[in-house]
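1. Here is a sequence with its predicted model. Questions after.
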Amino acid sequence: NSRLCMSSAVAGYTRSLGSDGPPCCYEDLDHCSVAFLIGTNTADCHPVLFQRLLKRKKRDPKGLTIVVIDPRCTDTAKIADYHLALAPGTDLALLHGLARLVLQDNGFDSDFIDSATEGFAAFTQTIKAWTPGKTSKFCGIAEKDLRSVARLWSRKEGILSLWSTGVNQRREGTAVVGGLINLHLLTGEIGKAGAGPFSLTGQPNAMGGREAGGLAHLL
């Protein structure tokens, strides 16, 4: 599992945070104000977790906004407040475009960036080219939807991102994981209740296997 299914998440967490331990937990589903699902058809692949999310949405419809990033209209996408049906393979561009809008709208957390991150200047240069117009055209989505989702990040009110094999099995999966974590670092949406980058395993007990040393480069 850790060699294939979760390898992008493992590498992405390690490269960005220095450890592959996810900095969030399932209880964060009960506290987040935004559930940002990318590369995961949670309804079919994680039905217990999906039902937990669905119950939370029914109980507090105004307190939870669900964003689904998926080229397909899945059962997960059908419950979303925002479904960005982007062109396949454009998810990293989308994340860069969101980050640029957060910067443009002053939605970043400068105190957190100064105290807990490095490489901010280089990151701003990386995302500089991804203007809203270019991003929406490249990804095949409406610019107004891109801006609406970016505002959710700029609010900094508890964003929990969840992804699975749609990202982890991608050719550039590690880069996409890094792009997602960078959004959390940019907004300070990490290390607090209801926020953080959360990789959903595609198979049972992925973390347990990793903690026991079951990694291709460590065995």
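-> Nice, I can see it.

2. Just give me the residue right at the centre of the protein.
-> S161 (3.7 Å; CA atoms, centre = their mean).

3. what's the helix or strand for the nearest residue to it once chain neighbours are set aside?
-> Once flanking residues are discounted, S161 sits nearest to F36: 4.2 Å by CB to CB, 6 or more residues apart in numbering. Where you see a C-beta, it was placed from the backbone N, CA and C, and this is true even at glycine. Using DSSP states H and E, F36 maps to strand 34-38.

4. any idea which helix or strand comes after that strand?
-> Next helix or strand after strand 34-38 toward the C-terminus (DSSP H and E): helix 42-45.

5. tell me the mean pLDDT over that next one?
-> Model confidence over helix 42-45, given as mean pLDDT, is 92.

6. From the contact counts, what lies against that helix?
-> Helix 42-45 sits against helix 47-59, with contacts defined as 3 or more CB pairs under 8 Å, 6 or more residues apart in numbering; DSSP states H and E.

7. Below-threshold pLDDT in this structure: ranges please.
-> Applying pLDDT under 70 to the chain picks out residues 1-3, 202-204, 206-207, 215-219.

8. In this protein, what residue spans correspond to strands?
-> For the chain, the strands defined by DSSP state E occupy 34-38, 65-69, 82-84, 159-163, 196-199.

9. Okay, now the sheet partners of the fourth one, with direction.
-> Which is strand 159-163. If you go by DSSP bridges, strand 159-163 pairs up with strand 34-38 (parallel), strand 196-199 (parallel).
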